[in-house]
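K.L.:
no sequence on this one, just coordinates:
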């Protein structure tokens, strides 16, 4: 059946949009490399599972597992668009790709701790003001360096007591927002932001928020990718941390996610701050701290029982008659099982903490009141 030219043209235009516009050249480069390899090694433009398997096998000898998956993904998309072939259906190829992940440990940026961050902001002079502001924005928003680079003044709403920052142009094309808070302590993120914002000249010919900073003044030239991405390394060098070169531009995003995970004890706020939908992806950004490892170790009672055990979820269990203390939680559901001594009746009560102290009368299955449970010392 011959289709009208208009339909064919419309379909071709739609197919062209299947590849990301920013990285289209990289996709086409991978397809060109594959076609050249086929022409040289096979002698004709044959596309089969055997050919693709041989090609990725050759790539695996040059690239690590992470880079190999990236190249395979781009080649897959390019072949779907240009050849109408989905190589992800080749079972042997996928099995080979998965085998490359065995014993592979990806290189990740080192992270900055809360103590490291506080020390730098409090002790470094105003010569590092740009670094301080980039550090604060990067941690509170778990930002990529590209997101900080593209941040414009219109994305920041000053509410006098805090600043609301909206990230519009993100890698995943989904906007997200975060707050730079005001604080009464020795470290006030909002005041540091205001100090830098006031130095930004009004007549500069760009809307980008982060400008170069020299001799206590903002210059007309926007801060570049290397300047923003190099902030973690400068912080590490100032603090005298080991291997400062390992504190890359990805450090801010990983550090922010790790700080939230350690404070919250669960993945929900981590996924919110980073804009992740997958828990598995969010977990990949979290660095397990000594504190969290100690909390896990406390769950193994080899040294005998203790009155209070801290868990990664922030819950604190007590075997004493004192009130149950639950800290680091908000709007969480708690399931309480209570049993009267020497009786089989078990009362099951499910309730939600909403930043209050709740008192409950516990009723057994016969409807008879037998005890009053008190949930106290709730710190959220």
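P.N.:
In hand now; what should we look at? As the structure is a computational prediction, the values presented were derived from the model and not from experiment. Residues are numbered from 1 along each chain as shown.

K.L.:
tell me the secondary structure for residue 234?
P.N.:
Per DSSP: H, G, I helix; E, B strand; the rest coil, the secondary structure class of residue 234 is helix.

K.L.:
Against residue 232, how distant is the residue lying closest to it once chain neighbours are set aside?
P.N.:
With CB to CB, 6 or more residues apart in numbering as the criterion, residue 234 has its nearest non-adjacent residue at 5.5 Å, and that residue is residue 131. Just so you know, the C-beta spots here come from the backbone N, C-alpha and C atoms, and that holds for glycine as well. Taken as CB to CB, to the nearest Å, the spacing of residue 131 relative to residue 232 amounts to 9 Å.

K.L.:
Neighbour count for these two, which is higher?
P.N.:
The residue with the greater number of neighbours, taking residue 131 and residue 232 and applying other CB atoms under 10 Å, is residue 232; the counts read 30 against 21.

K.L.:
How much space separates that one from residue 129?
P.N.:
As judged by CB to CB, residue 232 and residue 129 stand 16 Å apart.

K.L.:
Same question for residue 173.
P.N.:
If you go by CB to CB, the gap between residue 173 and residue 129 works out to 32 Å.

K.L.:
same deal with residue 231?
P.N.:
12 Å.

K.L.:
which one of those two has more residues nearby?
P.N.:
When neighbours are counted by other CB under 10 Å, residue 231 comes out ahead of the other of residue 231 and residue 129, with 24 against 17.

K.L.:
Quick check: phi and psi at the more buried one.
P.N.:
According to degrees, to the nearest 10, the main-chain angles of residue 231 amount to phi -60, psi -50.

K.L.:
quick one: the closest residue to residue 151 other than its chain neighbours from residue 302, how far?
P.N.:
Here the nearest residue to residue 151 in space, its sequence neighbours aside, is residue 209; by CB to CB, 6+ apart that works out to 4.8 Å. According to CB to CB, residue 209 and residue 302 sit 52 Å apart.

K.L.:
before we move on, what about residue 160?
P.N.:
Applying CB to CB to residue 160 and residue 302 gives a distance of 53 Å.

K.L.:
hey, where'd the strands end up in the stretch 51-200 of the chain?
P.N.:
Taking DSSP state E, counting those that start in this stretch to define them, one finds strands in the stretch 51-200 of the chain at 156-158, 162-167, 176-181.

K.L.:
starting at the chain centroid, how far to the second one?
P.N.:
Going back to what we said before, that points to strand 162-167. Average the C-alpha atoms of strand 162-167, do the same for its chain, and the two points are 18 Å apart (CA atoms, centre = their mean, to the nearest Å).

K.L.:
Enumerate the positions of that strand that are buried.
P.N.:
162, 163, 165, 167 (16 or more other CB atoms under 10 Å).

K.L.:
Between strand 176-181 and that strand, find me the angle.
P.N.:
Here strand 162-167 runs at an angle of 160 degrees relative to strand 176-181 (axes from the mean of the first three to the mean of the last three CA atoms, to 10 degrees).
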